[in-house]
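S.K.: pasting the sequence and the predicted coordinates here, then a few questions.
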Amino acid sequence: MSRLHLHLLSDSTGETLEMIAKAALSQFDDKEVVRHFWPMVRSQAHLDRIMADIAANPGLVLYTMVSQDIRKALEDRCRALGLPFVPALDAVIDALESALGQEAKGRPGRQHTLDAAYFARVDAIHYTIAHDDGIMWEDWEEADIVLAGVSRTSKTPTSIYLANRGYKVANIPIVVESPPPSLLYGLRKPLVVGLTTAPERLIQVRRNRLLTLNQSPDTSYVDNDRVARELQFARRMFADNGWPVIDVTRRSIEETAAAVINLLKERQATEAEVEIEGDPED
């Protein structure tokens, strides 16, 4: 198994750089990567301290820097050590400059400016956390999305991921013995999406969950017949109400969230078309 020291340097929070590195690393198997994360690198003194660790653990250096002085110093030091270095966003920014016909505004942390979109995302996160697992169902109408599904179908992690994208999300567990509040069937604004999965996968996930909680895995919670009935009950509910359904069996959280976003955009586009068709002629 190959071993790599990966150094990530950013003059801001480093969130973008981490996502790029994670996405790229997912393309490789049998890897051992030691990540060294260095956010908020905005001074030569800070860079000097980091370079000592890089020299002690040589590897690949990825960075997002807009300060030309610090950027040049980093590149010069990497060259002196004989280490590869990659400016992670340069190719994208160059292409955008060419397409837009203007130069990028270099400023550390520009992508994290506290604008209206930032506060909307924070608001979405607060809403989503407060409306997890069927809590505070009385104001579900304020949500953008409501996720429904039996226990352990990735409702909560998908909700949090969507919230970080700026969507207000509520989620509700579908329990055979405890029907959801009737308000769920009359929602107008939110897109209600049903999440389902294969029985075998669900049993495995639930069994692992019980083991992590030091509980006995031999309960009705993982009984084959019970799990099959739960999933059948949920699917029937989704079908009866005409809700779109996403099978999460072979999907990551990111893939499930992307599918939900696509469904929401499709509905918004359809509603926009209907609105245009319904407008009276001038």
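M.R.: Nice, thanks for sending it over.

S.K.: could you use CA atoms for every contact and neighbour count after this?
M.R.: Noted.

S.K.: okay, now the domains of this protein?
M.R.: 2-110, 116-278 (automatic domain parsing).

S.K.: report the central residue of the chain.
M.R.: Nearest residue to the geometric centre of the chain (C-alpha atoms, centre = their mean): residue 161, 3.6 Å.

S.K.: so where is the stretch 151-282 of the chain shaky, pLDDT-wise?
M.R.: Scanning the stretch 151-282 of the chain for pLDDT under 70 picks out 277-282.

S.K.: just name the most buried of the domains of the chain.
M.R.: For the domains of the chain, the largest average neighbour count (mean count of other C-alpha atoms under 10 Å) is found in domain 116-278, namely a mean of 17.

S.K.: for the helix with the most length in the chain, the distance to its chain's centre please.
M.R.: Longest helix in the chain, counting residues (DSSP state H): helix 253-278. Relative to its chain's centre, helix 253-278 lies at 18 Å (C-alpha atoms, centre = their mean, to the nearest Å).

S.K.: how about stretch 90-99?
M.R.: So, by C-alpha atoms, centre = their mean, the centroid of stretch 90-99 is 25 Å from its chain's centroid.

S.K.: could you do stretch 213-233 as well?
M.R.: Its chain's C-alpha centre and that of stretch 213-233 lie 28 Å apart, by C-alpha atoms, centre = their mean.

S.K.: contacting residues around the residue nearest to residue 207 when sequence neighbours are not counted?
M.R.: Leaving aside its chain neighbours, residue 207 sits nearest to residue 217 (5.5 Å; criterion: C-alpha to C-alpha, 6 or more residues apart in numbering). Residues near residue 217 by C-alpha atoms under 8 Å, 6 or more residues apart in numbering: 207, 210-211.

S.K.: residue 80 now?
M.R.: Here residue 80 is in contact with no residue (C-alpha under 8 Å, 6+ apart).

S.K.: following the helix or strand hosting it, which helix or strand comes up?
M.R.: If you go by DSSP states H and E, residue 80 is part of helix 68-81. Counting by DSSP H and E, the next helix or strand C-terminal to helix 68-81 is strand 85-87.

S.K.: by contact count, what packs against that following strand?
M.R.: strand 60-64 (3 or more C-alpha pairs under 8 Å, 6 or more residues apart in numbering; DSSP states H and E).

S.K.: okay, the angle between the strand it packs on and helix 68-81?
M.R.: Relative orientation of strand 60-64 versus helix 68-81 (axes from the mean of the first three to the mean of the last three C-alpha atoms, to 10 degrees): 170 degrees.

S.K.: and the contacts of strand 60-64?
M.R.: Residues from elsewhere that reach strand 60-64 (C-alpha under 8 Å, 6+ apart): 4-11, 14, 17, 83-89.
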